[in-house]
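S.K.: the following block contains a protein sequence and its predicted model.
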Amino acid sequence: SCGDTSSDGVDPAEGETWGDYVGGKADIYGTDSRRELNDPSVHDVYREVGESTALIFSTRTIGDITDTTIRLSNQTMSAKHEQNRGAPLCSTERFYDEPAPGYCTGFLIAPDLVATAGHCVNGHTQCGQMGFAFGFSKDTPSDDGLTISRDDFYRCSAVVGHVYDAMEQGLDHLVSGELWYDWAVIQ
């Protein structure tokens with residue numbers, strides 16, 4: 001059931017300010033400090049690191065392509081949760097109505113290599129349908145961030161290596177183990 005998880009009653013979607021929204025759920029350990037990348041309170045170092053982080057998405061969900069831009073899916077976090085888990089997120093959940101066009105993230109480890117989790121390439125999206133969008137963020141609070149430059153869009157050319165097989169490692173190990181192998185390197 002949905003309850004009020006917000007600690008200050010502020011709706012982060014209202015108005016044109018980034019604000020100091022401090023809501024969150026119990027699965028965020030400590031204070032929920034998530035911020036949009038272009039929130040003025042985000043330090044420049046994090047913005048620079050953010051530029052080397054890629055949103056990973058299925059190219060089957062691309063909405064529109066022009067010579068200069070790509071428009072990503074506008075499916076919301078709540079709709080994605082409902083599709084995958086059978087119930088929407090509560091309206092008080094942070095980012096519930098934010099677009100969620102991707103299914104994973106990755107980061108550059110070399111000019112043409114991205115590291116991500118192994119489960120991100122474990123069968124649900126083939127390499128040829130895997131897209132990467134760098135610089136994915138909102139410029140203003142009202143921007144949906146879904147239009148990206150073609151210069152920031154890349155496709156998977158090869159999965160260099162990956163390890164993640166829950167059945168091979170054994171479900172008991174995954175549930176009881178402190179860590180398990182879950183990595184991938186994509187070119």
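M.R.: Alright, I've got the coordinates.
S.K.: and the residue nearest to G135 when sequence neighbours are not counted, its phi and psi?
M.R.: Of all residues not flanking G135 in the chain, D152 sits nearest, at 4.7 Å (CB to CB, 6 or more residues apart in numbering). Quick note: C-beta positions are derived from backbone N, CA and C, even for glycine. Per-residue torsions, D152: phi -100, psi 10 (degrees, to the nearest 10).
S.K.: tally up the residues packed near D152, please.
M.R.: Residues near D152, counting by other CB atoms under 10 Å, number 16.
S.K.: quick one: residues contacting it.
M.R.: 133-136 (CB atoms under 8 Å, 6 or more residues apart in numbering).
S.K.: can you say which of these are buried?
M.R.: Buried members of these, scored by 16 or more other CB atoms under 10 Å, are 133-136.
S.K.: among those, which are located in strands?
M.R.: For the buried ones among the contacts of D152, the ones inside strands are 133-134, with DSSP state E as the criterion.
S.K.: show me where this protein has helices.
M.R.: With DSSP state H, the ranges of helices along the chain come out as 44-51, 77-85, 166-169, 171-176.
S.K.: which secondary structure elements does the longest one contact?
M.R.: Meaning helix 77-85. If you count contacts as 3 or more CB pairs under 8 Å, 6 or more residues apart in numbering; DSSP states H and E, helix 77-85 packs onto no helix or strand.
S.K.: pLDDT score for the closest residue to G131 other than its chain neighbours?
M.R.: Distance criterion CB to CB, 6+ apart; nearest residue to G131, sequence neighbours excluded, is T59 at 4.4 Å. pLDDT, T59: 92.
S.K.: tell me the contacts of I148?
M.R.: Per CB under 8 Å, 6+ apart, neighbours of I148: 69-70, 72, 133, 135-136.
S.K.: which strand residues bridge it?
M.R.: I148 has the following beta-bridge partners by DSSP bridges: I70.
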